[in-house]
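Asker: here's my sequence, what's the structure:
(chains A, B, C, D, E and F)
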Number of protein chains: 4
Amino acid sequence: MSQAHEKPKPRGRPPSPAARRKALAAAQELLMAEGLGRLSIEAVANRSGVGKPTIYRHWANASELAMEALMVGFPAMGSTARPGLEAALEAQIATLTRAFATTRGRQIAMALATADPESEFTRAFRNRVILSSREAGRVLIGAAAEAGEIAQPQDIEVVLDMIYAPLLYRLLAGHQPLDEALAPALAAGALRLLAPSR
Amino acid sequence: MSQAHEKPKPRGRPPSPAARRKALAAAQELLMAEGLGRLSIEAVANRSGVGKPTIYRHWANASELAMEALMVGFPAMGSTARPGLEAALEAQIATLTRAFATTRGRQIAMALATADPESEFTRAFRNRVILSSREAGRVLIGAAAEAGEIAQPQDIEVVLDMIYAPLLYRLLAGHQPLDEALAPALAAGALRLLAPSR
Amino acid sequence: MSQAHEKPKPRGRPPSPAARRKALAAAQELLMAEGLGRLSIEAVANRSGVGKPTIYRHWANASELAMEALMVGFPAMGSTARPGLEAALEAQIATLTRAFATTRGRQIAMALATADPESEFTRAFRNRVILSSREAGRVLIGAAAEAGEIAQPQDIEVVLDMIYAPLLYRLLAGHQPLDEALAPALAAGALRLLAPSR
Amino acid sequence: MSQAHEKPKPRGRPPSPAARRKALAAAQELLMAEGLGRLSIEAVANRSGVGKPTIYRHWANASELAMEALMVGFPAMGSTARPGLEAALEAQIATLTRAFATTRGRQIAMALATADPESEFTRAFRNRVILSSREAGRVLIGAAAEAGEIAQPQDIEVVLDMIYAPLLYRLLAGHQPLDEALAPALAAGALRLLAPSR
DNA sequence: CATTAATCGAGACGGTACGTCGGGTCTTTAC
DNA sequence: GTAAAGACCCGACGTACCGTCTCGATTAATG
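Answerer: A predicted model of the protein is given here:
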C-alpha cells in the first residue's frame, strides 16, 4: 500500500519527551541557584541525569538551552484591556517592569547580549521576551488612533522604542531603579509623544 | 592636616606600564579579529608576550580586560556646541549611533550584560560608554531650559532614558537598524517630550 | 557464591588503550631526552597528543607516570640458572649493575626517593625495580641451603640487604663506580656472610 | 710575592649574616611543617622576611637551601670510642639508624636523589650525611686490623658499602624497618665479612 | 663626616606547569 | 536505533613558584 510511507517510519526507540523535560527543569534550577554563568551543559547533565549527547540533540549549545529555560513562565503580552490608552500602557509596562526587576531579568538581558544574533533560536527569544511587548504597544496605539483618542503618529517605530527601551536600559546601566514609579512616568511620556502637535 | 603622608610610599618594583599597554593592545586586536567570545587571558598572554600572572595583576578577569579595551577610543561625550536643542541632540545622538553601529557596539553591549554588575570596574565602564551620553543630554536640556527654549521638565530622568535607551534597545533586539534616520527622529521625539504642556 | 555477576558491567565508552600507550611512549621519550625533572604532564600531553585530563585519568600525578615509564623494559629478575651459589649471584648482580649504571638508573633512584612512600603505585614500583632482585637472591640462597652448599642463615633479611643495597648506595652517593668489578666482589662477600661459622 | 691584595677590598655594605641565618631557620621550619616538596624559595622568603634575591645570593636553588637545612644538626660521625670492633660498629650504626629513622631521614634521601649529582654543594652534602659514616667505619676497621683483631681486608670498599648501604636501602625500599635490631645484625655481618678466611 | 657602593626588603616581571572545568564528539552497552 | 553513561581531545581557567629585574632604603667602609 502506497498511501502511507510518507512518514519515513521512525524505527528504534523514539526520542524521549521526558529527557527534554528533565534537562529543562534542571537548567531552570541552575539558573535560580547558580546564575547564568554557571549554566553549563555539563552541570545540567549531572543534575538531570540526562546524558550530554542527548542534550546536544535538543539544543545546539548552552546558550540556546538557557534561552529556552528563561522563556518558560515569562509573561505573554496579551492585551491588557483597560479603558484609555495611558492606563492600558501603564498596566502593561508595570507588568513588564515586575518581570524584569528580578534576577531572571538580568539573566534575560545577559542571554540576549551573549547569544549569536543570527541564530533562529535567538530571534525567537528576542521576539518572545523583548519585542512582544513592543508589538502589544503597537496594537494599543493603533486602536487609540482608530478611536480618535490620538492622531496617527508618523514615526511609530521610534515612538515604540522610546516607550519600551528604558526597561532594558535601566536593567543594563543600573543608574536608576526598575521600580513602580517607572510605568506611570513612561505612560505619561508616551502620551506626550503621541499628542497632536499644536 | 592632610597635606602629608597620605601616600604609603610604594616599595618594590613598580608595575610596568609597558606590560599593561602591550596586553591592552593585544586585547584590542583580538576583539577585532576574533570577537569578544574568543578574548581569553591565555590568548592575550600569547599574543602580547606578557605573562598570564601579570595580566591578572592588572585585571581581575577577562571581562575587565575586555571592558578596558572596549573603552579605549570610545567617543567621549563632550558638549556638541550646536545652536538649538534639537540640533544639538541630533548631532550627539548621531555620533553615538555611529559608534554603536559597529562590531564594537555589539561587543560593548555584550560586555555590559555579562560583567559583574556590582564591580567597580563595571560601574566605570557603564559610566563611560552608556551614561556619559545621558549626562551630556542632561546638560543640553538644562541649558535650553535656562535659556527659556523649553520648560523645566518634571521627569527629567525618564525623559533622558527615553532619548538614549533606544540605541541599546535596537542593538540588542535587532528589530530596527541603527542608521542615520534614528538621530533626527529621536531628537524630534525629545522635543515633543519637552514641549510645554498645552 | 562467587562464580557470577562480580563485574558490574561497565557502561559508557571504555578507556582507550591507545591513549594510555601514547602517553607512556611520550613519557619515555621525554625521560631519555630531557630527564626526570623535565617530565611534566604538560609536556607529555603536548608530545603525545593525548589530553591532559586523560592523562590524569590514568595516573594521579607526574611521579606515577614516570614510575610506570621507568618500569617498562626493566629486567625482570628471573632465576639465572648457573651452577654454584657464588656464580649465580654474581651473574644476577652483574645484570642488575648494568641496568642501574645508566641514566635510567639514576632516574629510578630519583623517582623512588621522590614518590609518595605510602602510595600503592610506589609500592609496586619498589617491588618491581628494587625488591625483585632481593627476592631472587632469597630463592638462590634457599636452594643452596637446601642443597647443603651453605648453612641456613639466621639473619637472612640483613644478609639480603647487605648484598643488594650497595648498588643503590653507590648510585646515590657516587663515591665508587657501578662497574663490572662490583658483582664478583659482592658475590664473594655474600659467600663470606653465608659461610658456616667456625 | 703577592701575599697581599688578593682580596679585592669589598666595598659597600657586606652581606648580612642575619639574613642567611633567618632564611635557614625558616627553611628548617618548613621542612618540619610541610615537607621537602613544599620548601620553595617563595615560602622561605615569606616566612623569614628575607627577600628572594637575597636568598638566591646565598644558595643557587631550593635544592641547595634544602640540603644545607638538612645538614644542620645531623650527627657528625666522630669515633665512638668503644672497646672491640663489633661494639664500636654497632654503636655507630645505631646512632645512624636513629638519625635516619625520622621524617628528616626520608627528606635527606629525597634531597640526595633529586640534587644535581655534579654540583659541588651536592658533593659536600653526600660527604656529610652519607659518606662520613663510611669513613668512620674505615677508621675503625683500620685500627682493628692494626691491633691484630682482624686481618687486613682486601676489598675494603665493598665491605664498607655492605655495612653502610642497607640503611639507605631500607629507607628507600621500605621493605624492612629501620629499627634497633638492625645495628647489631649489621655489626655481626661486618664481623663475618672481616673474619680471617679459614 | 660625607661619599659611595653593595646589600637589603619588597614586589612586579616573563615563564612553565599545575590540576580542574567545561566544551563538543565519539563509542560503548542497555532498553 | 535512540538513550544513558562516560572517555576522548581540546582549550582555557586561575594559582603557585621559578629565577630575574628594578625600585627606594640601609648600612659600612672609604675618602
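Asker: for chain A, what spans make up the helices?
Answerer: Using DSSP state H, the helices found in chain A span residues A:17-33, A:41-48, A:52-58, A:62-71, A:85-100, A:103-114, A:120-126, A:132-146, A:156-173, A:182-194.
Asker: quick check: mean pLDDT of the second one?
Answerer: When you say that, I think you mean helix A:41-48. Average pLDDT, helix A:41-48: 90.
Asker: quick one: contacts of it?
Answerer: Helix A:41-48 has contacts (Cβ atoms under 8 Å, 6 or more residues apart in numbering or on different chains) with A:22-23, A:25-27, A:29-30, A:34, A:50-52, A:55-56, A:61-62, A:65. All C-beta atoms are positioned from the backbone trio N, CA, C, and that covers glycine.
Asker: what parts of chain A come near chain B?
Answerer: Residues of chain A that fall close to chain B, judged by Cβ under 8 Å from any Cβ of the partner chain: A:106, A:109-110, A:112-114, A:117, A:126, A:130-131, A:134, A:155, A:157-159, A:161-166, A:168-170, A:172-176, A:182, A:185-186, A:188-189, A:192-193, A:195, A:197-198.
Asker: show me which of these are buried.
Answerer: Among these, the ones that count as buried by 16 or more other Cβ atoms under 10 Å in any protein chain shown are A:106, A:109-110, A:112-114, A:117, A:126, A:130-131, A:134, A:155, A:157-159, A:161-166, A:168-170, A:172-176, A:182, A:185-186, A:188-189, A:192-193.
Asker: against C:Ala183, how distant is the residue positioned nearest the centre of chain A?
Answerer: Compute the mean C-alpha point of chain A, and by Cα atoms, centre = their mean the closest residue is A:Val129, 1.0 Å away. Distance, A:Val129 to C:Ala183, by Cβ to Cβ, to the nearest Å: 82 Å.
Asker: where does pLDDT dip in chain A?
Answerer: A:1-16, A:78-81, A:197-198 (pLDDT under 70).
Asker: hmm, 50 instead?
Answerer: A:1-11, A:198 (pLDDT under 50).
Asker: contacts only, for the residue in chain A that chain C sits nearest to.
Answerer: Closest residue of chain A to chain C, Cβ to the nearest Cβ: A:Gly51 (9.4 Å). Neighbour list for A:Gly51: A:Ala45 [criterion: Cβ under 8 Å, 6+ apart].
Asker: equivalent analysis for A:Gly35, please.
Answerer: By Cβ under 8 Å, 6+ apart, A:Gly35 lies in contact with A:103, A:107.
Asker: same question, A:Glu34
Answerer: The contact partners of A:Glu34, by Cβ under 8 Å, 6+ apart, come to A:Ala43.
Asker: hmm, try it at 10 Å
Answerer: A:40, A:43 (Cβ atoms under 10 Å, 6 or more residues apart in numbering or on different chains).
Asker: surely A:Ala111 touches A:Asn61?
Answerer: No. Counting by Cβ atoms under 10 Å, A:Ala111 stays clear of A:Asn61, with 11.7 Å between them.
Asker: neighbour-wise, which of the two wins?
Answerer: Set A:Ala111 next to A:Asn61 and count neighbours by other Cβ atoms under 10 Å in any protein chain shown: A:Ala111 wins out with 24 against 14.
Asker: enumerate the residues of chain A near chain C.
Answerer: Contacts of chain A with chain C, taken as Cβ under 10 Å from any Cβ of the partner chain, map to A:Gly51.
Asker: and the nearest residue to A:Met71 once chain neighbours are set aside, how many neighbours?
Answerer: Spatial nearest neighbour of A:Met71, chain neighbours left out: A:Arg128 (5.4 Å); criterion: Cβ to Cβ, 6 or more residues apart in numbering or on different chains. Neighbourhood size, A:Arg128 [other Cβ under 10 Å]: 16.
Asker: touching, A:Arg128 and A:Met77? I think so.
Answerer: Yes. In this structure A:Arg128 lies within contact range of A:Met77 using Cβ under 10 Å: 9.3 Å.
Asker: just the terminal-to-terminal distance for stretch A:163-181.
Answerer: 14 Å (Cα to Cα, to the nearest Å).
Asker: what's the offset of that stretch from the middle of its chain?
Answerer: Distance, stretch centre to chain centre, for stretch A:163-181: 16 Å (Cα atoms, centre = their mean, to the nearest Å).
Asker: for stretch A:35-47, same thing?
Answerer: Chain-centre distance of stretch A:35-47: 21 Å, with Cα atoms, centre = their mean.
Asker: check which residues of that stretch are buried.
Answerer: A:36, A:39, A:41, A:43-45, A:47.
Asker: from the opening residue of it to its closing one, how far?
Answerer: By Cα to Cα, the extent of stretch A:35-47 from end to end equals 15 Å.
Asker: could you check it against DNA strand E for contacts?
Answerer: Yes. Shown here: stretch A:35-47 in contact with DNA strand E (Cβ under 7 Å from any atom of the strand) through A:38, A:40-43.
Asker: residue numbers of chain A in contact with DNA strand E?
Answerer: A:13, A:38, A:40-43, A:52-53, A:56, A:61-62.
Asker: which one of those residues is nearest chain B?
Answerer: A:Asn61 (11.3 Å).
Asker: list the contacts of the closest one.
Answerer: Neighbours of A:Asn61 in contact, by Cβ under 10 Å, 6+ apart: A:41, A:55, A:115-116, A:119, A:121.
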